[in-house]
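Student: the following block contains a protein sequence and its predicted model.
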Amino acid sequence: MNPEVVLVVITILVALIFDFLNGFHDAANSIATVVSTRVLSPKLAVVWAAVFNFLAAFILGTAVAKTIGRGMIHLDHVDQYVVLGGLFGAIVWDLLTWWWGLPTSSSHALIGGYAGAAMMHAVVHSGWRSAPSVIIAGGWYKTLIFIVVAPIMGVVLGLGFMTAMHWLLRYKAPQQVDTWFRKLQLLSAACYSLGHGGNDAQKTMGIIAGALYTAGFMSKEDMLANWGHLHWPIILSAHAAIAAGTYFGGWRIVHTMGQKITKLKPVGGFCAESAGAITLFGTALAGIPVSTTHTITGAIVGVGSVQRFSAVRWGVATRIVWAWIVTIPASALMAGATYWLIHLFQH
């Protein structure tokens, strides 16, 4: 078999492994609230989340995938080894933070890894001064801005929804409210899982498209337009991988998200998931690659703050924020080192 074909197959398989780990690592985003409020058992919750992660393939389009595939890194600086280096950097960071129980962003690990490997490619071939030239500034501006904006949107919407529910239901018996929102939380969890699948699976789709382009299986016109005849195989494989990862779950992070930040009741879980879902739907349709982890964490903090600010465990929240800050540079360094080792091995 042609070595180039073998390499692209390996690259796609590694991309799908990352996508699986993304679902595994970020399962907490979709199910932490519904598990912590005991609306669903962990086993049923992961099935529920996995199904809607997959169904997002048919609902939320490919705008985020196009941003990742062609809007962040100049394709002239991308080859198969850049894609592999970026994926390995993201995978290593994901596994480390999963082990530490930190709900960091797989999305930011991926784009950080992709950028780090591409910059190292430029360094190896053209010197240190060429490294910044790989970056498409426009694509990064909105991504970096939404590192801050997405969790703030989650906080504001979560706080607003929870305040409105307190006012609307102030004369209702707590047991009655609890019964209503146990049912409604199934809907909010489904919507959040759609947003999660529509945002996170698309990032892997963009990386796969980049790999196919560098191998000559996609033209630049396909990348810029409609992805050509490879459109649906990419979409379905990415969504299937993230759904499978969600099914197998990541219980260390579920515990952090669902119990350590603040104590949730069904009405709080509903408000947090609804706030997160609205944010993710809007950004996915606009083609802005945001972190589902940042979004739901912000929403949970907003919901918890309605009771009193002391209801939020700020020490845990601060630790999570620091992990967010270092994700892109850490994964970029790991990916850059991986590309450099590949380059050494080749020579």
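Tutor: Noted; the coordinates are in hand.

Student: where are the low-confidence patches of this structure?
Tutor: 1, 25-30, 32, 102-103, 219-230, 249-263, 307-321, 347 (pLDDT under 70).

Student: how about the residue lying farthest from the centre of it, phi and psi?
Tutor: In the chain, the residue that sits farthest from the middle, by C-alpha atoms, centre = their mean, is Tyr171; the gap is 39.0 Å. Taking degrees, to the nearest 10, you get phi -100, psi 0 for the backbone angles of Tyr171.

Student: how about Ser107?
Tutor: Here Ser107 shows phi and psi, under degrees, to the nearest 10, equal to phi -60, psi -50.

Student: Asn199 is in contact with that one, correct?
Tutor: Yes. If you go by C-beta atoms under 8 Å, Ser107 and Asn199 touch, sitting 7.2 Å apart. Placement of C-beta: from N, CA and C, glycine included.

Student: which neighbours do those two have in common?
Tutor: Pro289, Val290, Thr292 (C-beta atoms under 8 Å, 6 or more residues apart in numbering).

Student: out of those residues, which end up buried?
Tutor: Among the shared contacts of Ser107 and Asn199, those scoring as buried are Pro289, Val290, Thr292 (criterion: 16 or more other C-beta atoms under 10 Å).

Student: now distance to Ile111 too, for those, in JSON lines please.
Tutor: Formatted as JSON lines, those follow (distance: C-beta to C-beta, whole Å):
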{"residue": "Pro289", "distance to Ile111": "7"}
{"residue": "Val290", "distance to Ile111": "11"}
{"residue": "Thr292", "distance to Ile111": "14"}
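
Student: what's the closest of these to Gln185?
Tutor: Proximity of those to Gln185 (C-beta to C-beta) peaks at Thr292, which lies at 17.6 Å.

Student: so that closest one sits against Gly276, correct?
Tutor: Yes. Between Thr292 and Gly276 there is a contact under C-beta under 8 Å: 7.4 Å.

Student: can I get stretch 9-23 in CSV, CA atoms only?
Tutor: Listed next in CSV are the C-alpha coordinates belonging to stretch 9-23 (Å, rounded to 0.1, in the frame of the first residue of the first chain):
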residue,chain,number,x,y,z
VAL,A,9,-5.2,6.4,7.6
ILE,A,10,-3.1,6.5,10.8
THR,A,11,-3.7,10.2,11.1
ILE,A,12,-7.5,9.8,10.8
LEU,A,13,-7.5,7.0,13.3
VAL,A,14,-5.5,9.1,15.8
ALA,A,15,-8.0,12.0,15.2
LEU,A,16,-10.9,9.7,16.0
ILE,A,17,-9.1,8.4,19.1
PHE,A,18,-8.7,12.0,20.2
ASP,A,19,-12.4,12.5,19.5
PHE,A,20,-13.3,9.4,21.6
LEU,A,21,-11.1,10.8,24.4
ASN,A,22,-12.8,14.2,24.0
GLY,A,23,-16.2,12.5,24.7
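
Student: hmm, who's touching that stretch?
Tutor: Residues contacting stretch 9-23 (C-beta under 8 Å, 6+ apart): 50, 53, 80, 83-84, 87-88, 90-91, 94-95, 98, 106-107, 110, 200-201, 203-204, 207-208, 211-212, 215, 237-238, 241-248.

Student: of the residues you listed, which belong to helices?
Tutor: Judged by DSSP state H, helices contain the following of these: 50, 53, 80, 83-84, 87-88, 90-91, 94-95, 98, 106-107, 110, 200-201, 203-204, 207-208, 211-212, 237-238, 241-248.

Student: show me which of those are buried.
Tutor: 50, 53, 80, 83-84, 87-88, 90-91, 94, 98, 106-107, 110, 200-201, 203-204, 207-208, 211-212, 237-238, 241-247.

Student: hey, where'd the helices end up in this structure?
Tutor: 3-25, 27-36, 42-55, 63-70, 80-100, 106-126, 137-168, 174-214, 220-224, 231-248, 251-255, 266-286, 292-307, 314-346.

Student: which one of those helices is the most hemmed in?
Tutor: helix 27-36 (a mean of 30; mean count of other C-beta atoms under 10 Å).

Student: roughly how far apart are Asp79 and Lys265?
Tutor: 51 Å (C-beta to C-beta, to the nearest Å).
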